[in-house]
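> missing the sequence, but the structure's below:
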């Protein structure tokens with residue numbers, strides 16, 4: 001056992017009011033350069049261009065996930081539940097704190113462009129030549145491997161993994177409350193205290209006492225609403241499209257031998273596909289936005305226009321698409337070429353269903369890619385999957401209502417509106 005801090009450390013937090021740190025290992029991890037870097041990564045990527053309050057960081061979210069995990073474990077310990085492995089407390093707290101340490105700038109948007117995976121980078125930071133690794137090895141030599149195994153969902157005790165990664169985990173509970181708070185909406189609110197009281201360790205998993213079903217219904221409804229009102233917001237999708245196109249264009253230019261007036265080594269390594277851990281840790285949103293500011297003056301007209309759009313929030317307009325619009329889209333591509341636009345960049349079809357955010361799926365298997373379902377613990381210790389008892393959850397479980405939109409730069413199209421077909425003008429409301 002490791003000694004507690006001589007004096008408990010307390011972070012003031014707008015969501016949990018206070019975050020309590022009692023273990024020296026957690027305090028040291030918070031103060032590593034790799035964890036401090038998360039202050040420079042926004043939790044919600046480009047959503048700040050839609051919801052101006054969404055400036056909160058991965059740093060504050062990670063502290064929140066740690067705090068929820070700490071509260072869950074404290075409840076298990078107070079009630080002396082036999083199924084909770086007490087020796088896994090520090091491991092669970094470290095994995096909760098570090099679960100997002102590998103996120104890059106603009107999070108999921110960057111992953112889609114370059115095929116990077118924040119979980120793999122998280123494991124590399126935990127296992128590599130880092131301050132985080134040195135702090136974890138002070139616990140015991142093999143401790144970094146255990147933390148990485150939890151984050152990769154390969155640890156031998158599923159109950160530890162499920163605290164950080166399940167359909168009712170500390171990660172989701174914090175980001176829903178935090179994202180709702182900072183975007184200024186009420187959709188993401190639910191009774192966290194009630195949920196924490198009804199969680200139980202049981203047969204190597206975490207389940208919910210049946211009397212707590214309605215609190216979980218509220219949580220899943222909040223999650224459902226947040227997807228459609230916040231995470232899938234069409235304006236946010238527009239900013240993500242422009243962001244992806246900046247990096248796509250920069251990559252094309254780089255591969256063609258274009259001489260950039262301004263290039264930072266970490267971004268060059270990213271474009272080359274030769275990112276080292278050292279480069280990756282220098283990649284944050286401040287660095288990316290610095291590059292965009294300089295690229296706005298590059299000789300390539302397309303790259304400079306895209307960078308100005310992103311920095312000045314002159315995003316693409318969107319119009320809804322129906323399943324019958326495939327032939328029309330091909331015609332729009334030809335019209336774009338006629339008026340001097342690039343259909344590869346100035347028109348993009350988007351549906352939210354390619355988003356990394358996930359719905360509640362009752363049939364998910366614990367050993368598959370999907371996260372295991374939420375189980376209710378009833379009388380005589382009988383387990384029931386929650387949608388079997390809840391009409392509300394059954395009605396939203398696995399529900400897909402992804403809408404297709406076509407995105408385009410209205411300001412570049414409008415001067416040529418008279419040259420477009422009436423169908424195009426009508427569909428784009430020009």
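Okay, I see it. Being a predicted model, the structure only gives us computed values, none of them experimental.
> number of nearby residues for the nearest residue to residue 239 once chain neighbours are set aside?
In space, residue 239 comes closest to residue 46 once its chain neighbours are excluded; the distance is 3.9 Å by CB to CB, 6 or more residues apart in numbering. Placement of C-beta: from N, CA and C, glycine included. For residue 46, the tally of surrounding residues (other CB atoms under 10 Å) stands at 25.
> Ok, residue 343 next?
Neighbour tally, residue 343, other CB under 10 Å: 16.
> Verify the contact between it and residue 331 for me.
No. In this structure, residue 343 is not within contact of residue 331 by CB atoms under 8 Å, at 10.8 Å.
> Give me the secondary structure label for residue 298.
Under DSSP: H, G, I helix; E, B strand; the rest coil, the three-state class of residue 298 is coil.
> who's in contact with it?
By CB atoms under 8 Å, 6 or more residues apart in numbering, the contact list for residue 298 reads 260, 261, 262, 304, 307.
> One more: residue 117?
residue 111.
> Residue ranges in the stretch 151-300 of the chain under the pLDDT threshold?
Counting by pLDDT under 70, the stretch 151-300 of the chain contains no low-confidence residues.
> now the helices: where do they sit in it?
For the stretch 151-300 of the chain, the helices defined by DSSP state H, counting those that start in this stretch occupy 158-164, 170-183, 192-198, 213-226, 234-255, 265-272, 277-282, 285-295.
> Which among those helices is found nearest to residue 376?
helix 213-226 (5.9 Å; CB to CB).
> Would you mind listing the buried residues in the closest one?
213, 215-226 (16 or more other CB atoms under 10 Å).
> do stretch 130-150 as well
Within stretch 130-150, the residues that qualify as buried are 130-133, 135-136, 139, 143-144, 146-150, counting by 16+ other CB under 10 Å.
> ok, now how distant is the residue nearest to residue 16 when sequence neighbours are not counted from residue 229?
Excluding the flanking residues, the one nearest residue 16 by CB to CB, 6+ apart is residue 67, at 5.0 Å. Using CB to CB, to the nearest Å, residue 67 is found at 25 Å from residue 229.
> Which one's more surrounded, these two?
Between residue 67 and residue 229, counted using other CB under 10 Å, the more crowded position is residue 67 (24 against 16).
> sorry, back to before: mind checking which of the buried residues of stretch 130-150 are in helices?
If you go by DSSP state H, the buried residues of stretch 130-150 have 131-133, 135-136, 139, 143-144, 146-150 in helices.
> Farthest-apart pair in these, please.
131 and 149 (20.3 Å).
> First-to-last residue distance for stretch 176-195?
14 Å (CA to CA, to the nearest Å).
> roughly how far is that stretch from the heart of the chain?
From the chain centre to the centre of stretch 176-195 is a distance of 16 Å (CA atoms, centre = their mean, to the nearest Å).
> For it, could you pull out the residues that count as buried?
In stretch 176-195, counting by 16+ other CB under 10 Å, buried: 176-183, 185, 187-190, 192, 195.
> just those residues now: which is nearest residue 11?
So of these, ranked by how close each gets to residue 11 (CB to CB), first place is residue 178, at 13.4 Å.
> which ones are touching the closest one?
Contacts of residue 178 (CB under 8 Å, 6+ apart): 15, 43, 56, 60, 61, 64.
> Return the per-residue confidence for the third one.
Spelled out, it's residue 56. Residue 56 carries a pLDDT value of 97.
> swap in the first one?
Looking at residue 15, its pLDDT reads 97.
> quick one: low-confidence parts of the stretch 1-150 of the chain?
Short version for the stretch 1-150 of the chain, where the test is pLDDT under 70: 1-2.
> Who is the residue nearest to residue 410 when sequence neighbours are not counted paired with across the strands?
Closest residue to residue 410 apart from its sequence neighbours, by CB to CB, 6+ apart: residue 317 at 4.1 Å. When bridges are taken as DSSP bridges, the partners of residue 317 come out as residue 408.
> Surely residue 317 is in contact with residue 407?
Yes. Using CB under 8 Å, residue 317 makes contact with residue 407 at a distance of 7.1 Å.
> Could you tell me which residues touch both of these two?
residue 238.
> ok, now how distant is residue 190 from residue 199?
The gap separating residue 190 from residue 199 is 14 Å, by CB to CB.
> same deal with residue 307?
Separation of residue 307 from residue 199 (CB to CB) stands at 46 Å.
> Which of those two has more residues huddled nearby?
Neighbours per residue, other CB under 10 Å: of residue 307 and residue 199, the larger number sits with residue 307, 25 against 21.
> who's in contact with whichever strand or helix holds that one?
Following DSSP states H and E, the helix or strand that holds residue 307 is helix 301-312. Residues outside helix 301-312 that contact it (CB under 8 Å, 6+ apart) are 239, 242-243, 245-246, 249-250, 253, 289, 292-293, 295-298, 314-316, 342, 345, 409.
> Swap in 7 Å and give it another go.
Around helix 301-312, the neighbours that count as contacts under CB atoms under 7 Å, 6 or more residues apart in numbering are 239, 242-243, 245-246, 249-250, 253, 292-293, 295-298, 314-315, 342, 345.
> Quick check: mean pLDDT of that helix?
Per-residue scores along helix 301-312 average to 98.
> and it, which residues are buried?
Within helix 301-312, the residues that qualify as buried are 302, 303, 304, 305, 306, 307, 309, 310, counting by 16+ other CB under 10 Å.
> Also stretch 91-107?
91-107.
> Please apply the same query to stretch 10-30.
Using 16+ other CB under 10 Å as the test for burial, stretch 10-30 gives 15, 16, 19, 21, 23, 24, 25, 26, 28, 29, 30.
> Against residue 198, how distant is residue 371?
For residue 371 relative to residue 198 (CB to CB), the value is 19 Å.
> Please apply the same query to residue 74.
Separation of residue 74 from residue 198 (CB to CB) stands at 15 Å.
> Repeat that for residue 291.
48 Å.
> Likewise for residue 385?
16 Å.
> So for these two, which residue has more residues nearby?
Legend: neighbour count by other CB under 10 Å for residue 385 and residue 198, higher for residue 198 (20 against 17).
> Who are the contact partners of the residue nearest to residue 51 when sequence neighbours are not counted?
Distance criterion CB to CB, 6+ apart; nearest residue to residue 51, sequence neighbours excluded, is residue 183 at 3.9 Å. Residue 183 makes contacts with 47, 51, 53, 54, 230, as judged by CB under 7 Å, 6+ apart.
> Which pair in these has the greatest spatial separation?
53 and 230 (11.4 Å).
> Compare the two (neighbour count), which wins?
Higher neighbour count among residue 53 and residue 230: residue 230, with 22 against 13, using other CB under 10 Å.
> For the closest residue to that one other than its chain neighbours, give its distance to residue 48.
Nearest residue to residue 230, sequence neighbours excluded (CB to CB, 6+ apart): residue 183, at 5.6 Å. Distance of residue 183 to residue 48, given as CB to CB: 9 Å.
> All set now, cheers.
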